[in-house]
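>>> just need the structure, nothing else, for what follows:
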Amino acid sequence: MTTSSNIMFLTSLLFTSVTFIACRDLPNKNPAGEKTLSQDSRLNYDTSTTTIIALKSKSEWPFDSTCKATVLTQDNLQTIDTLLLRCIANYNNSLSNNKEQWGIDLVKWNYKKQLVAVINKDGQKEVWVNCFCNTWDNDQWKTEILQVDDGGTCYFNFKINLETKKYYALIVNGVA
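Numbering: from 1, shown residues only. Just a heads-up that it's a prediction; the model follows:
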């Protein structure tokens, strides 16, 4: 092979590899021709404490209607866990001494979490993280967004912008 042939071969190989990697995060079409999003079955996370729920196209909540559903990568999951710990540490550190009962103890309560991933209007991937310590002993939380009133620090949620690596909109439930 000539040097020119080698360069063309390597360029073709690189293009094919990049195309394959880039396209694996695109929506798939099911047999009926509808677009669907599916998570990569190779993601490694504890399914007994974490679930990934696709944004329903007709629903605007927890994001506005300009957002589109997307999938998460293994790197995204690691970033989410890192920012979760940072968010909770900052929240707990912001509490005054007489409000320590409002602290979130991730170890004591063994929280579960739901993740909803979207692409926002600026093309950035964002995730809504919904955490809770009570599921009433059923697995409905793995497929449907859990919403409760009150419940205190057993229930909290926030959003993450994975591009900027920042969290925002932390909401900790109150007590009736």
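>>> what mean pLDDT does the helix or strand containing residue 158 have?
Element membership for residue 158, per DSSP states H and E: strand 155-161. The average pLDDT within strand 155-161 is 96.
>>> low-confidence ranges, this structure, go.
1-41, 58-60, 175-176 (pLDDT under 70).
>>> sorry, back to before: export the strand holding residue 158 as CSV, just CAs?
C-alpha atoms of strand 155-161 as CSV (Å, rounded to 0.1, in the frame of the first residue of the first chain):
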residue,chain,number,x,y,z
TYR,A,155,-37.8,14.0,49.5
PHE,A,156,-35.7,16.4,47.5
ASN,A,157,-34.9,17.1,43.9
PHE,A,158,-32.7,19.4,41.8
LYS,A,159,-31.5,19.9,38.2
ILE,A,160,-28.0,19.5,36.7
ASN,A,161,-26.6,21.0,33.6
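>>> partner strands of it, with direction?
Strand 155-161 has its sheet partners listed here by DSSP bridges as strand 125-132 (antiparallel), strand 166-172 (antiparallel).
>>> spatially nearest residue to residue 125 (excluding sequence neighbours)?
residue 162 (4.4 Å; C-beta to C-beta, 6 or more residues apart in numbering). Every residue, glycine included, has its C-beta placed from N, CA and C.
>>> thinking the one you found is in contact with residue 79, fair?
Yes - using C-beta atoms under 8 Å, residue 162 makes contact with residue 79 at a distance of 5.8 Å.
>>> tally of neighbours for the residue nearest to residue 125?
Residues within reach of residue 162, counting by other C-beta atoms under 10 Å, total 19.
>>> and if you look at residue 144?
11.
>>> check residue 69 too.
Neighbours of residue 69 (other C-beta under 10 Å): 18.
>>> isn't it right next to residue 52, touching?
No - using C-beta under 8 Å, residue 69 is not in contact with residue 52; the gap is 10.7 Å.
>>> who touches both of those two?
Shared contacts of residue 69 and residue 52 (C-beta atoms under 8 Å, 6 or more residues apart in numbering): residue 117.
>>> quick one, what contacts residue 42?
Residue 42 touches residue 74, counting by C-beta under 8 Å, 6+ apart.
>>> next one: phi and psi at residue 141?
Main-chain torsions, residue 141, degrees, to the nearest 10: phi -60, psi -20.
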